[in-house]
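Trainee: model this:
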Amino acid sequence: MEPKWFTYDIVAEDPATHARAGVLHTPHGDVPTPIFMPVGTKGTVKGVLVPQLKELGAKIVLANTYHLAMRPGADLVAEMGDLHGFTRWDGPILTDSGGFQVFSHEEFCKLSADGVRFRAVDYDGRWFTWTPEENMDIAQKLGADIVMQLDQCVGYPAPRSKVERAVELSAMWAERCWKAHTRTDQALFGIVQGGMDLTLRRRSLQHLLDVGDFPGFGIGGYSVGEDHETMFESLAPLASQFMPREKPRYLMGVGNPTTLVRGVAYGIDMFDCVLPTRTARMGTAFSSEGKLNLRHARFTHDAGPLDPACSCPVCQGGYSRAYLHHLVRQKEMAGSILLSMHNLYFLLDLMRRARESIIAGTYGEFVSRWMDSPAAADW
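Mentor: Numbers count the residues shown, from 1 in each chain. Down below sits the predicted model:
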């Protein structure tokens, strides 16, 4: 990797928490942290165009390796100028390994030390085999700025023996990904697994530290069935006490506002989740009043903005709750689009304000105000 790329500068650390504000440097631009990354699973954030993403404040987006490998295929994406040229997003991009999607196939997924064999039941039903080397080949063709190692994600609850095996397999695959990854303009992040067991989490992290000098670390295997308090029992000490200080920490697949606020307090830098757009398509919005279900009849005659405290184009654009309620109830595409834009802005702006608070040295107060507010009722 080029020395100037993928370095992480910590610009401020909050005195009362473990929160920090930083800048991650990539070939396609700098990423200020803490940051939320909108998810464009198949190369697009559903219902939101690239100019709108930029207007909402997105700095980096995520795409999914599994889905893009199935359709249209990594070779075609490479032919079209990698994901940046193909999608017309010229900022930083992160691709996950696709492992979570593969392992969600359950009985159609077979593990071995060599890799994973799975059936693409959500596409044409064919069987595929991914070794860590093949997974890295796909990632390098897709051409994101940041790619993730192939790992095994285990749901909750799971027997300790199954979680231990996932830790060991992920460690072996991390080493092979490290050796197979050759693009100097692309960062490979390792992924810490271990379920809800802090001892296994620390073992997984040590494996990664022994493999190589990863420029950053994903924290996988959370938000897979456990409640949030169970998650934080191991996540909080892992992030605040044991993760390397000088590397970015990316909590994978977690996206409700309160979890972001709490995660930042424990030292998490990066987040992603489909939640803001998926819940928007179901008629649900984040707000300063807590989670709002726009399908509810109480909004039928409500002429007020979606969230009076929000500065997004939807809340400032004159769209009333009554209108949004109508769109949602009639299953109009515009309802999903407008709520997606609002929800994305809400998380992006929340992380912007969190960053400002960390730099000001007041993030502990920021967390207290949030937890005491109606907005915390978001789950």
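Trainee: check contacts around residue 274.
Mentor: Residue 274 makes contact with 39, 41, 255, according to CB atoms under 8 Å, 6 or more residues apart in numbering. Bear in mind the C-beta positions are built from the backbone N, C-alpha and C, glycine included.
Trainee: ugh, wrong one, I meant residue 114
Mentor: So residue 114 contacts residue 131 (CB under 8 Å, 6+ apart).
Trainee: any idea of the pLDDT on it?
Mentor: Confidence at residue 114, expressed as pLDDT, is 94.
Trainee: And for the one 3 residues further on?
Mentor: Predicted confidence (pLDDT) for residue 117: 94.
Trainee: Residue 4 too?
Mentor: Note on residue 4: pLDDT of 72.
Trainee: Make 336 the starting number, not 1.
Mentor: All set: I'll call the first residue 336, so the last point we hit is now residue 339.
Trainee: Kindly state the beta-bridge partners for the residue nearest to it when sequence neighbours are not counted.
Mentor: Leaving aside its sequence neighbours, residue 339 sits nearest to residue 360 (CB to CB, 6 or more residues apart in numbering; 6.5 Å). As for beta bridges, residue 360 partners with residue 365 under DSSP bridges.
Trainee: can you tell me how far residue 360 sits from residue 551?
Mentor: The gap separating residue 360 from residue 551 is 11 Å, by CB to CB, to the nearest Å.
Trainee: So for the two, which residues contact both of them?
Mentor: Joint contacts of residue 360 and residue 551 (CB under 8 Å, 6+ apart) are 341, 343.
Trainee: Could you verify my assumption that residue 537 touches residue 576?
Mentor: No - assessed by CB atoms under 8 Å, residue 537 is found out of contact with residue 576, at 9.4 Å.
Trainee: more neighbours, these two?
Mentor: With neighbours defined as other CB atoms under 10 Å, residue 537 and residue 576 compare such that residue 537 has more, 18 against 12.
Trainee: quick one, what contacts the spatially closest residue to that one that is not a sequence neighbour?
Mentor: Of all residues not flanking residue 537 in the chain, residue 577 sits nearest, at 5.8 Å (CB to CB, 6+ apart). By CB under 8 Å, 6+ apart, residue 577 lies in contact with 536, 537, 540.
Trainee: among those residues, which are in helices?
Mentor: 536, 537, 540 (DSSP state H).
Trainee: Let me know the closest of those residues to residue 711.
Mentor: Of all these, residue 536 has the smallest distance to residue 711: 26.4 Å, by CB to CB.
Trainee: Noted, bye for now.
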